[in-house]
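# Turn this into a model:
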Amino acid sequence: MEQPTSSTAQQLYFNLFGPVHAFLHKPCDCLSWSKLCSLDRAPLSACLHTRTGIAWNAAAGSSDNTLVWELHTAQFPVTAEETLAENSKEGVAGQALFSRSTVAGDVCHHCLFAPARSFEIPGQPAHHGNHCIWKQDCKTGEGAAEEGGSSDESVPRIPAWLGCAADGHLVGDRDDSNLYISMKLKAAAEIGINANHIRLPETATEDEVLQRIVAVNENPAVHGLIVQLPLDSINPMNTEKVTNAVAPEKDVDGLTSINAGKLSRGDLGDCFIPCTPNGCMELISQTGVSVMGKNAVVIGRSKIVGAPMHDLLLWNHATVTTCHSKTLDLAEQVGRADILVVGAGRAEMVKGEWVKEGAVVIDCGINHIPDSSKASGKRVVGDVHYPSAIERAGYITPVPGGVGPMTVAMLMKNTVESAKRFLQKYTPGKWNIEYTKKNPLEPQPSDAEISCSCQSKPIGQLAREVGLFSEEVEPYGRSRAKIRLDALKRMEKQPDGKYVVVTGITSTPLGEGKCTTTLGLAQALGAHLNINTFACVQEPSPGSFFGARGIAVGGGYSQIIPLEEVSLQPLGQHELISAASRVVMDTIKAHAYYESKLSEKALFDLLVPLKKGQRSVSPAQLNRLKKLGIEKSDPLTRTEIRRFVQLDIDPDTATDSGSLENEIMAILSLSSSEEEMQQRLAKIVVATNKSGDPVTTEDLDVSGPLAMLLKDALKPVLMQTVEGTPVFLHTSPLADIAQGSPSILADKLALKMVGSGGFVVTESGHGADIGLEKFFNIKCRYSGLRPDVVVIVATVHSLKMHGGAPPVQAGLPLPKEYSQENLKQLERGCCHLKRQVENAQAFGLPVIVAVNKFSGDTEAELELVCGQARQAGAFDAVQCTNWSEGGAGALALAEAVQRAAKLPGQFSFLYDTQIPAADKLRTVAQKMYGAKDIELSPKSKEKLAIYTKQGFGNLPVCIAKTHLSLSNDPMLKGVPTNFMLPITDIKANVGAGFLCCLTESTNTEMDDPMWPCFHGNNLYSDSK
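Numbering: from 1, shown residues only. Here you go, the predicted structure:
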């Protein structure tokens, strides 16, 4: 079969859906042309050949009126040419399209035109009456069943590679609007376009309508959006504003000012043409009459029909005159028209005698006039007096059944075209993000100067680039935003990306540049290798901003910007945690006071007040009753009331505010949802009673208020690096007494956002012996996430320290030994690097060593460290200069990470939580620190016995020790051996989900104050 050559409606649908088999002798199992031409009376059916295994999900949507659709991308899309080839193999013969005939007859509602001049297919009867060619050859659905055909054959849809989805917004409940929308929904469903009708009540405000439109604009799963007019609301509505709120690339109605402007200046290939004028052009083309050079008259000047129809005819080289109801010589103008398009909205205003002999008449009007012969008392007519005009016109469209079906057909066409354009620009799994690659300056400016020289993108733009919707983003100034957890729920079925954790060796007090390397690696993967990449780092703690290590969020050309916002303008997380801690501490005091002052009955009335004759029992109080074995809430016996109200707290066991704040921070970091956060908050043990039983925040009935107070703190904060790479900052649990890493929520959300081909680079606090161990045994145990690669950051300075160089004191100049090449000393210190590589390998993952290069390091020193790392079993060891060069300085590291991430993982935890707590402590001390054994103090033994009895013995352990040594003595460098690890105290952080085990420090160096580094720094330079 040959593809039709003329610009006809058949040609249009051939291009969209493949060959239209209604033109064939063979019974049609592909596209019912009769139904195509009668969308207001019958469904549109389409059939395409698709490759085996490719499926199109044509689900109609969800019950909550939100769009649900799936886009299946095939490796080998089916094209019209491929369909032709398949048809050729099946012996499908071609047919000519239409030829003119002088046969006249009654109007056929299965044809596009009334029979002023009839159509026939050679060798076939004319289309009128019971012998309509469309009814004969289009054996689908009911028609096929009537003539012995099969009506239950599956009807394939739009090719699977072209997934289309459209949304329709309706304000109010007008019957006519509902009718139009139902017709469009039915047509869309029949050809595989998943359309959804979003209903807004008549009470909807303009802002509510605009918000819904913006949400659809931002949804990449939707390719078309129409707003059904008029907007039937009791509130004032600016129709122009609402219409123009639709994104031009999704404006399949073609009504926005941008699309109208492009049409007006002739950019027909770069806009969406309004459906009715576009359908009219297809109908004119169907006649075979050339538009070029003809006199065309358009009656009507509406934005929907008249004005765009004028532009379309003009740019198709007709000489166009636009008339309207006020035109004085209307009959004369009509009489000169070779092509007449009428859309004035006045019943039968154009008389037949006005029409030029042989003219093409397109009647777009829909009007109701009285007719006593109809059951409804009225009938539908157009703007042209049909009975008289049909005697003179060469071609004329009936009303109803003419322009209406083609309008819907053009709407479907525009939606498909929108999907095609989207797929041309869209690469599955790839962000459309703009990066800013910096040209480093020499000498390198300060961190503050670099930050001030970088113009960060508006945070809304960054959020859109990484796939977030505006309703999921809560801007916090121009450069920061909190991300709502709805985003994670929306993406929960998406695959995760690769998970990389960055740790370090035991460093000098100046640090290793771990956060800087984390950000540099993310920049290299994202801005330089064009891979979806997110960095996740801890939010700076108050007081860390001016420490000797710098700004605590990277440095140089691998930092988060703007520096003053991330470092000096906290997001309120710590304030919320402090407030939550005060609520708990005040409640403990208040409960103890009133417990001693009031009777049990009075205290019960205070705790469980009567409201409208009923006891108001909170969920937390119901849980307390169940814990006490009381299965009712009212009435309670005197004994039950006493047991309920008397907490009998032992004051010596009450927690302190500092410990409580640390546990709340750890809870925020380890929670995967608001529900989990509230459950964890309810488990916080604040004291024990005099019988030795734990007293929790739920017993105090404050877990619910705590969750409300901390809800906002659970949202990750979105920012960006110098090069525009997205970063999540969230939570800052201390690495010594908690897990010391960014939140689970930040990591989980980032993993979903980058997709299966992307990377998330997160950090763990301190060295591999402390931070990485807790990252795996605590954070990964609760998150269910399994990293793919471990990166250990090392420096020549730190390894020289472990090799015997003089101690480094923060804030003071480095001893000269650190600026002189000393390979023997450095090699001695590499034993520590080897130990930390072994610590990371204990979890079964590939390890890469990133050597953070400083200006004083020699090439021989750097090569020595890399060689020692490889000998220790590292997958690879590379030099990094991302502090001075940005992402370009971490390219070698990024490429090594890519290779390592392809290796099959053999991840395993260090211990089973079901073994005794003492054994868990011993396992960590021996395998991570190299200790000979642990030494439990009498106090820790007693507490351990209590916690085991209370059911907390199966929690992971978190050992709090110095980060300046593998041992508990910060002065012991290198790889200490044969030492005992003293455990002096144990605290049960039940809400966070671990036992915090304190060790004894034999040196006070860790408590020495650090000299602040703010001297000489000025964020607000004279030029700013």
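# Would you confirm that residue 250 contacts residue 220?
No. Using C-beta atoms under 8 Å, residue 250 is not in contact with residue 220, being 10.3 Å away. Heads up, the C-betas are built off the backbone N, CA and C, glycines and all.
# neighbour count winner among these two?
The neighbour count for residue 250 versus residue 220, taken as other C-beta atoms under 10 Å, is higher for residue 250 (24 against 12).
# dump the residue contacts of that one.
216-217, 222-225, 418 (C-beta atoms under 8 Å, 6 or more residues apart in numbering).
# List only buried entries from the residues you listed.
Using 16 or more other C-beta atoms under 10 Å as the burial test, the contacts of residue 250 include 216-217, 222-225, 418 as buried.
# Please flag which of the contacts of residue 250 sit within strands.
Counting by DSSP state E, the contacts of residue 250 place 224-225 in strands.
# Same list as before, the contacts of residue 250 that is, but in JSON lines and with pLDDT and distance to residue 583 included.
Output for those, formatted as JSON lines (pLDDT from 0 to 100; distance: C-beta to C-beta, whole Å):
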{"residue": "216", "pLDDT": "90", "distance to residue 583": "41"}
{"residue": "217", "pLDDT": "90", "distance to residue 583": "41"}
{"residue": "222", "pLDDT": "90", "distance to residue 583": "44"}
{"residue": "223", "pLDDT": "91", "distance to residue 583": "49"}
{"residue": "224", "pLDDT": "92", "distance to residue 583": "50"}
{"residue": "225", "pLDDT": "92", "distance to residue 583": "46"}
{"residue": "418", "pLDDT": "92", "distance to residue 583": "52"}
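# Just say helix, strand or coil for residue 380.
At residue 380 the chain is in strand, as set by DSSP: H, G, I helix; E, B strand; the rest coil.
# so how far is stretch 959-972 from its chain's centroid?
Relative to the centre of its chain, stretch 959-972 is centred 42 Å away, using C-alpha atoms, centre = their mean, to the nearest Å.
# How about stretch 182-192?
28 Å.
# How about the most far-flung residue of the chain relative to its centre: what's its closest non-neighbour residue?
Relative to the C-alpha centroid of the chain, counting by C-alpha atoms, centre = their mean, residue 353 is the outermost residue, at 61.3 Å. Leaving aside its sequence neighbours, residue 353 sits nearest to residue 388 (C-beta to C-beta, 6 or more residues apart in numbering; 6.5 Å).
# pLDDT wise, what is that neighbour at?
The model reports residue 388 with a pLDDT of 95.
# ditto for residue 683
For residue 683, pLDDT reads 95.
# and what of residue 66?
pLDDT for residue 66: 29.
# what does residue 167 give?
65.
# next one: residue 791
For residue 791, pLDDT reads 98.
# start at 563 instead
In the new count, where the first residue is 563, that last one comes out as residue 1353.
# Which secondary structure element is home to it?
strand 1351-1356 (DSSP states H and E).
# Could you look up the next helix or strand downstream of that strand?
helix 1358-1364.
# Could you export whichever helix or strand comes after that following helix as CSV, CA atoms only?
Once helix 1358-1364 ends, the next helix or strand along the chain (criterion: DSSP H and E) is helix 1385-1403. The C-alpha trace of helix 1385-1403 is given here as CSV (Å, rounded to 0.1, in the frame of the first residue of the first chain):
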residue,chain,number,x,y,z
LEU,A,1385,59.2,9.6,52.4
LYS,A,1386,60.3,7.3,55.2
GLN,A,1387,58.2,9.1,57.7
LEU,A,1388,55.3,9.1,55.3
GLU,A,1389,55.7,5.4,54.6
ARG,A,1390,55.6,4.6,58.3
GLY,A,1391,52.4,6.6,58.6
CYS,A,1392,50.8,4.6,55.7
CYS,A,1393,50.3,1.7,58.1
HIS,A,1394,47.3,3.7,59.4
LEU,A,1395,45.9,4.1,55.9
LYS,A,1396,46.2,0.3,55.4
ARG,A,1397,44.3,-0.2,58.7
GLN,A,1398,41.5,2.1,57.6
VAL,A,1399,41.2,0.4,54.2
GLU,A,1400,40.8,-2.9,56.0
ASN,A,1401,38.1,-1.4,58.2
ALA,A,1402,36.2,-0.3,55.1
GLN,A,1403,36.7,-3.6,53.4
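# buried stuff in helix 1385-1403?
1387-1392, 1394-1403.
# For residue 942, state which of those residues is nearest.
Nearest to residue 942 among the buried residues of helix 1385-1403, counting by C-beta to C-beta, is residue 1402 at 77.3 Å.
# Next up, the contacts around that closest one.
Neighbouring residues of residue 1402 by C-beta under 8 Å, 6+ apart: 1065, 1330, 1334, 1352, 1354, 1409.
# tally of neighbours for the first one?
When you say that, I think you mean residue 1065. Using other C-beta under 10 Å, the number of residues around residue 1065 comes to 28.
# How much space separates residue 1078 from residue 1420?
21 Å (C-beta to C-beta, to the nearest Å).
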